[in-house]
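Asker: below is the structure, and that's it, no one-letter string:
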């Protein structure tokens with residue numbers, strides 16, 4: 001089972017808690033995006049992973065992903 005499938009199978013509350021913990025949120029998002037990138041091998045997911053890896057450690061992208069998660073149930077471009 002890949003990490004993104006495991007993450008998406010969790011309840012919204014568990015996913016939200018994982019994204020609220022500083023440091024853990026960056027690791028979880030990197031693992032989800034890496035898992036999606038390796039599973040799909042699409043250029044879009046490779047670029048998203050690299051962008052997130054380089055500038056995703058800031059609170060801004062994490063906050064956007066948190067709000068999107070609450071609205072849609074998954075991370076932006078990681079389904």
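Answerer: Nice, I can see it. Just so you know, these numbers come straight off a predicted model, no measurement behind them. Residues are numbered from 1 along each chain as shown.
Asker: pLDDT at residue 56, what is it?
Answerer: In this prediction, residue 56 carries a pLDDT score of 69.
Asker: so which strand or helix has the residue nearest to residue 7 when sequence neighbours are not counted?
Answerer: Ranked by CB to CB, 6 or more residues apart in numbering and with sequence neighbours excluded, the top spatial neighbour of residue 7 is residue 32, at 5.2 Å. Every residue, glycine included, has its C-beta placed from N, CA and C. Remark: residue 32 resides in helix 24-40, with elements defined by DSSP states H and E.
Asker: buried set for that helix?
Answerer: Along helix 24-40, these residues count as buried under the neighbour rule (16 or more other CB atoms under 10 Å): 25, 26, 28, 29, 30, 32, 33, 34, 35, 36, 37.
Asker: biggest separation within the residues you listed, which pair?
Answerer: Among the buried residues of helix 24-40, the pair separated by the greatest distance (CB to CB) is 25 and 37, at 18.2 Å.
Asker: what's near enough to touch the most centrally placed residue in the chain?
Answerer: Among the residues of the chain, residue 29 comes closest to the average C-alpha position under CA atoms, centre = their mean, at 3.3 Å. Neighbour list for residue 29: 19, 52, 56, 62, 65, 75 [criterion: CB atoms under 8 Å, 6 or more residues apart in numbering].
Asker: roughly how far apart are the residue located most distally from the centre of the chain and residue 37?
Answerer: What lies farthest from the middle of the chain is residue 43; by CA atoms, centre = their mean that is 16.9 Å. Residue 43 sits at a distance of 10 Å from residue 37 (criterion: CB to CB, to the nearest Å).
Asker: so which of the contacts of residue 29 is the closest to residue 10?
Answerer: Ranking these by separation from residue 10, with CB to CB as the measure, puts residue 19 on top at 11.1 Å.
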